[in-house]
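*Asks:* how would this look folded up:
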Amino acid sequence: ETPDGIRLVKTDAGRLVRLRPGAMATVHPRDVAGADDLLDLAAVSEPALHHSLRVRYGSGSVYTSVGTMCVSLNPYRDVPGLYGEAIQMLHRDAAEGGGGAAPPTHLYAVAERAYRCLLRPHDAFDPTAPGPRRRDQSVLISGESGAGKTEATKIIMMYLTRRSAAERNGGSRPLEDVVLSANPLLESFGNARTARNDNSSRFGKMLHLKFGSRGGMVGASLSNYLLEKTRIVRKDDAEERNYHVFYQLQGCADADLLAYLALGEQLTTDGHRRRFLHNAPSKMDAADFTSTDASLGAVGLDAGDRRTVY
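*Replies:* Purely as a prediction, here's the structure:
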């Protein structure tokens, strides 16, 4: 620190930065290593929150608690050992009081808490309330484009459907599989590539999962709203794409389906038809089209119905 209060600070990259008095906030020594729950910080401040999230992200911990909330940072890569049945059972056993160290913060813990509160008697919340009624639970997932909302939704759905299958019919999960099959459909018909996100949801959705008194799933429904219909005829950035399903059909549908849709060769030679599909299909579109078609079949649509949808 200079006599006039200017501080010279070396960044992690080795660069020296001059900071005026008051321009730098210090982190409490207890908070240097970060905190699994931000409410446990010795001194809560915006710099301390950012520091803790940065440290945890750098160590591979993409989830951080804020009380009952979970802050998720998109790693933009696969994190080995972060998901799977073994990790799911770890969080289930911890919620059941299985002993041992508490597992680290995870979306599985959020889903498990919601599942248990759903089945908890009403009077567990309010001892004075009459009757053994139970309360609906909500999981709100929000964030900016590219934050990982779509993936977080799928992770929580997969956990809840597995918990449901374990409580219903000895692990049989035909209904749960149908519910999960809706994800590829929603992404194909409602997601598109933007300048910031290759799989951006261009609509809002409210997913209702319905459970019986014993914890087994008995149904589901979906409400969607604010679909970005203008994307079909206009895109603001040349790097953006239209909805995924158009490219899946363009590059992956067989000749019979293209002929049925009156597309055929015109899809690639007629400039008017390609006006809003100027970006070529990607290598993933073939696998995605197979998944889309299989999902349509899983929800009960035969070949004729699927053609009508396309």
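*Asks:* Now do the longest helix along the chain: everything it contacts.
*Replies:* For the chain, the longest helix by residue count, based on DSSP state H, is helix 149-167. Outside helix 149-167, the residues that touch it by C-beta atoms under 8 Å, 6 or more residues apart in numbering are 72, 74, 83, 85, 88, 92, 107-108, 110-112, 114-115, 139, 141-143, 171-173, 176-177, 179-180, 183, 187, 191, 199, 201, 207, 209, 211, 214-217. Heads up, the C-betas are built off the backbone N, CA and C, glycines and all.
*Asks:* Can you give me the separation between Y108 and T150?
*Replies:* 17 Å (C-beta to C-beta, to the nearest Å).
*Asks:* next one: D305
*Replies:* The value you get for D305 to T150, if C-beta to C-beta is used, is 26 Å.
*Asks:* These two: who's more crowded?
*Replies:* Legend: neighbour count by other C-beta atoms under 10 Å for D305 and T150, higher for T150 (20 against 12).
*Asks:* I'd assumed S223 was in a helix, is it?
*Replies:* No: applying DSSP: H, G, I helix; E, B strand; the rest coil, one finds S223 to be strand, outside a helix.
*Asks:* Quick check: closest non-adjacent residue to it.
*Replies:* Nearest in space to S223, with sequence neighbours left out and distances taken as C-beta to C-beta, 6 or more residues apart in numbering, is M206 at 4.3 Å.
*Asks:* Give me the pLDDT for the one you found.
*Replies:* M206 carries a pLDDT value of 91.
*Asks:* And for R113?
*Replies:* In this model, R113 is scored at 93, pLDDT.
*Asks:* I'd like to know how far it sits from I232.
*Replies:* Distance of R113 to I232, given as C-beta to C-beta: 40 Å.
*Asks:* between those two, who's got more neighbours?
*Replies:* R113 (16 against 13).
*Asks:* Quick one: the strands in the stretch 151-300 of the chain, in order.
*Replies:* Using DSSP state E, counting those that start in this stretch, the strands of the stretch 151-300 of the chain run over residues 191-192, 200-201, 204-211, 217-225.
*Asks:* And the ones you listed: which comes nearest R20?
*Replies:* strand 200-201 (39.5 Å; C-beta to C-beta).
*Asks:* which residues are contacting that closest one?
*Replies:* Counting by C-beta under 8 Å, 6+ apart, strand 200-201 makes contact with S145, G146, K149, T150, L186, E187, G190, N191, A192, R193, T194, all of which sit outside it.
*Asks:* could you redo the last one with a cut-off of 7 Å?
*Replies:* Residues from elsewhere that reach strand 200-201 (C-beta atoms under 7 Å, 6 or more residues apart in numbering): S145, K149, T150, G190, N191, A192, R193, T194.
*Asks:* Could I get the buried residue list for the longest helix of the chain?
*Replies:* Neighbour-count burial for helix 149-167 flags 149-150, 152-167 (criterion: 16 or more other C-beta atoms under 10 Å).
*Asks:* pLDDT averaged over that helix - what is it?
*Replies:* Helix 149-167 comes out with an average pLDDT of 90.
*Asks:* That one vs strand 204-211, what angle?
*Replies:* Between helix 149-167 and strand 204-211, the angle comes out at 10 degrees (axes from the mean of the first three to the mean of the last three C-alpha atoms, to 10 degrees).
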